[in-house]
Structure formats: C-alpha cells, structure tokens
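> just coords:
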RNA sequence: GGGGCUAUCGUCUAGGGGUCAGGACGCCGCCCUUUCACGGCGGCAACACGGGUUCGAAUCCCGUUAGCCCUACCA
C-alpha cells in the first residue's frame, strides 16, 4: 500500500488568478481526487507588496467559482483561520519554520554564510558576460566557516560532480550535470528565505507526495532536489506540466481575449466548461481506455475525468489555448443543463436589482420556457442579453428592419395578432396560420415584423415562444404603435 | 555563452516500425429553417529538416533548425 496522495497548488497573490494556473491546479485536483488524496491550497506570498488580503480573496473566489475545492488551506473570506493540520497556509506566516531549517543546515555544515557583496557579485557576473563565459558562483566562501558577526547571505552546498536526476512523470528522466549548478542562496542577507527554499520546506512539512507545477520550474528542480537531500527528506514525485499559450504562441495574457479566471466568468462561460476545456488542453482523457471518436464523446463529466486521469499522459509540449473550443464546449454543456442549473449563472450576468426582481416575479414554467428556448446560445452572457427584451421595451429600433418588415401591408395582420387571446403554443400557431392565409402573407414576413415590434431587432426566440413569454398585455402594448 | 525542455492538419490531439495518418474545434459547401442560432451531411487541411537503422520509419538512433525555460540576495 503506497502513501496517500497529497498534491498542492501554490499561487502567489498577484491580483488575479491566471487561467494557466487554474489548469495546473486542475491537474493537481484531478490527481488528488482520482486517488482519494488531499489537495492543498497554499498562498505563496513572500512578495509582501502584492500580498494583500484582497489579492488572496481573488484566488479563493476564483478557485471556488471554477469548482476546485481544497482540503487544506485558507478558509475563504477569513484572514487568519485555516483548515488542515499544517497551517498556516501562507508563507509569510511560516518564517519560524524556515529559520529553524536554515539553522539546522548551517549547524550541520551543509550550508554556509557568504560574505560576497551584491556589488561584487554583480561585477563578476558582468565581467563573465563580457568575456562570453557563463557566470556561476565559485564557492569562494564555502569553506570559510564565517560566523554571524557580519550580515551574510546563506548558500547551500551543492554536489560538485556527477549529475542530479529528476524523475519527471510527464517529461521522463531529466539529468543535469552538477557542475552547471552553483551554490544557490537559500536565505538573503536580511535573513529572509528565498522561494526555492520555502517551497521545499513547505512541501515536506505538508507531506506533499506529488509536486505538480508549471514546467518553468523544471530547471529549479535539481537545486531543490539537493535541498531535499541535505535536509534528509525523501523526494516527492515531480510532474511538470507545460504552459498554455495564446494564438501567437506567446504566454497567454489579457490581449488574447482573457487570461484571468474572472474574465471567463464574466464572458459567460460555465465553470464546468472551463474545467473540461482546460483538462483536455494537453491531455486526452481515455474513457474506457480509448480517446473520444466523435464530438459527442468529447463532452465528459468531472467524474469521467477523475476516473481516467493520469499525470503520465499529459502532453510534453506547450499548447495554444483556443477560445473557440471553449465556446463550443460551453454551448454543448448549456444544451445539456436543466434550466434550474442555468438560472444562477443568468442571475450573475444580470446582477441588476430591477432585472432580478422582474425575473423573480415570474413563475417557474415561464422561467423554464425563457431559458429553454435559448439553450442554443454559446454563452450565458449572450443568453442574458437576448432575454433582456422581456423586461424592457425596445429603447431603439433597427431602422432598416423597421422599413423592411413593419410595412403597410402587414398592419392589418398585426391588428389581428393583437386581438388574439389564447397564447398556448398550438392555439397561437393555428391562429397565426389562419391570419397569414387571410392576408396572403408568409410566416417570415409577419414573424419578422413582430420581432421588430417586440425587440427592436430582427432576432428573438421562436415567435410563438416570444409571444407566450411576453404575454398578451405586453404584446398588445408593443404592437400598438405600429397598427 | 552554458544547462535543460519541446516539435503530427490553422488549433487541441490519436497513433509509437507496415494505417487511405483517425477524431474534435475552426473554416468552406450543401440540407433543414419564421429571425439569430441549433441540427444533419460533405469538403479542405499535418508527421519541422537532414542523415542513419530496417525489406519497410510519423513511429527507433544521431544531428540540424526553431521555440520556450533556467542561468537573481524574483517568484
């Protein structure tokens, strides 16, 4: 029986939760869930200036919205309480642990104080560069055994020969010659520990078994491995997942449309659509051992994703994020949802109190029809917008459409429509067909005329549904100016 | 400069010695249609390059090229 799986997602609070980070978190989450393990959320906030409580909230909210629940980590909305036995889950608050570990390494002679000044180091680096040589710290303070009478940075003694091997679950074994790695700094002159040091100490302290993170950390891993060894800890498994790119193959950012998770929410995407699309970006789920062979099979549930997730199946190369694909997945998912599952997302899109009150005043059957006849929308934002005409009369009219459809010829038909009383779908259909007969009109002519009168535009749900939703009084009122 | 990673349609990918190189998104065309959509059918489109190994290479090996990451008292 192997150890229970523990994974972790450790974002830094930069003011937004990046979609690339979400995908990494998703892989951690999928793996933990797959093995009934633990998923930890830890805030990497050693950069004081950016680490406000607000920024931490943004991470919590993003994670909650996208549906990635964590077993250990911050309690959303609370600044100083955490769930899980390894807290606090904010690096800033774990300094005592770091200091103890640094002291331990110093005492054992596995790390040492380096009195080289920053200026000196910079000068040596510049010189090396000028000569076209690689700069690496030569370890000149390594055996000096300096005491703490002078402020000094602390370096880890790295192995000087052989190679360090990362057994990466997605990339395979990666061997790096020890000579290319210098004695790196684990604590600054002011005593604060550096990122690569904190990560290792935290991962060990929290019992992380699988380090799943972006592959921009691959090159840091050999350094970290040396630290694990110095500290006398067993190595976790590593899985470095490739980054996600924009269309121009550059790092995904706002100018590609959206990069932060909240933007995707505002754009009208379902959290499950984001999850599915992200999961399938760089990984192909093999349900029952085989990949999807039709569009239908592309749409999977979380349960299916969890059931077949394998870190080793993740693609090695970076992938371009395609908003069109997300949109398609979103649409497919919307089509499959019950109106009650869609409603909360629509409410979010509307947000305005007057709209919400108007909506709440309606009976369920009405809501069901309103959402049901709009299930083919690509996103919730559009759906919310196309439904808005139900709550407010058109503020303006498409002039071309008005001229084309609201003609003298349809006026008599309009008057007859206004006189109708039975708004049941079939009755409406029969009555309108009779009207068309009488006036020698085509459905297209009348339907479009009605749409313009009702919405100001030439687009609306199917015309009988539109009328049923508006109701007789409103239909008559909106028709009045045109008869 | 050094070290590392990567490379199949425009995009996401399946395939890992013998396949017409399969699917999905997008795109194009046709059909359906009361609008926008949905849906149905069809089409275009790829193994980065060069050498090996082999009867046979997209698949294995070696180079080249290109892109990315690291090379901080940033994270």
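Looks like it came in fine. The structure displayed is predicted, hence computed values, not measured ones.

> can you tell me if stretch A:58-69 touches RNA strand B.
No: Stretch A:58-69 does not reach RNA strand B (Cβ under 7 Å from any atom of the strand); its nearest approach is 12.7 Å. (Glycine included, C-beta is placed from N, CA and C.)

> next secondary structure after the worst-scoring helix or strand of chain A on mean pLDDT?
The helix or strand of chain A with the poorest confidence is helix A:118-130; it has a mean of 89 (mean pLDDT, DSSP states H and E). Per DSSP states H and E, the first helix or strand lying C-terminal to helix A:118-130 is strand A:153-156.

> partners of that following strand, with directions?
When pairing is defined by DSSP bridges, strand A:153-156 lines up against strand A:111-114 (antiparallel), strand A:185-187 (antiparallel).

> ok, back up a step: now the least confident helix or strand of chain A: how far from the chain's centre is it?
On the basis of Cα atoms, centre = their mean, to the nearest Å, helix A:118-130 sits 41 Å off its chain's mean C-alpha point.

> what's in contact with that helix?
Applying Cβ atoms under 8 Å, 6 or more residues apart in numbering, the contact partners of helix A:118-130 are A:134-135, A:137, A:189.

> closest to residue A:318 out of these?
Nearest to residue A:318 among the contacts of helix A:118-130 is residue A:134, at 25.8 Å by Cβ to Cβ.

> tally of neighbours for the closest one?
8 (other Cβ atoms under 10 Å).

> if we ignore the residues flanking it in sequence, what's nearest it?
residue A:128 (6.9 Å; Cβ to Cβ, 6 or more residues apart in numbering).

> now swap in residue A:177 and tell me
Closest residue to residue A:177 apart from its sequence neighbours, by Cβ to Cβ, 6+ apart: residue A:163 at 5.2 Å.

> the residue nearest to residue A:420 when sequence neighbours are not counted sits in which helix or strand?
Excluding its sequence neighbours, the residue lying closest to residue A:420 (Cβ to Cβ, 6+ apart) is residue A:431, at 5.3 Å. Per DSSP H and E: residue A:431 is located in helix A:425-439.

> would you mark the buried spots in that helix?
Residues of helix A:425-439 classed as buried: A:428, A:431-432, A:435-436, A:439 (neighbour count, 16 or more other Cβ atoms under 10 Å).

> so, low pLDDT: which residues of the stretch 1-150 of chain A?
Applying pLDDT under 70 to the stretch 1-150 of chain A picks out residues A:1, A:47-50.

> now do the helices in it.
Assigned by DSSP state H, counting those that start in this stretch, the stretch 1-150 of chain A shows helices spanning A:19-34, A:53-66, A:95-107, A:118-130.

> tally of neighbours for the residue nearest to residue A:134?
Residue A:128 has 13 nearby residues by other Cβ under 10 Å.

> please apply the same query to residue A:204.
By other Cβ under 10 Å, 19 other residues sit near residue A:204.

> tell me the spatial nearest neighbour of it, not counting adjacent residues.
Nearest to residue A:204 is residue A:233, by Cβ to Cβ, 6+ apart, at 5.0 Å.
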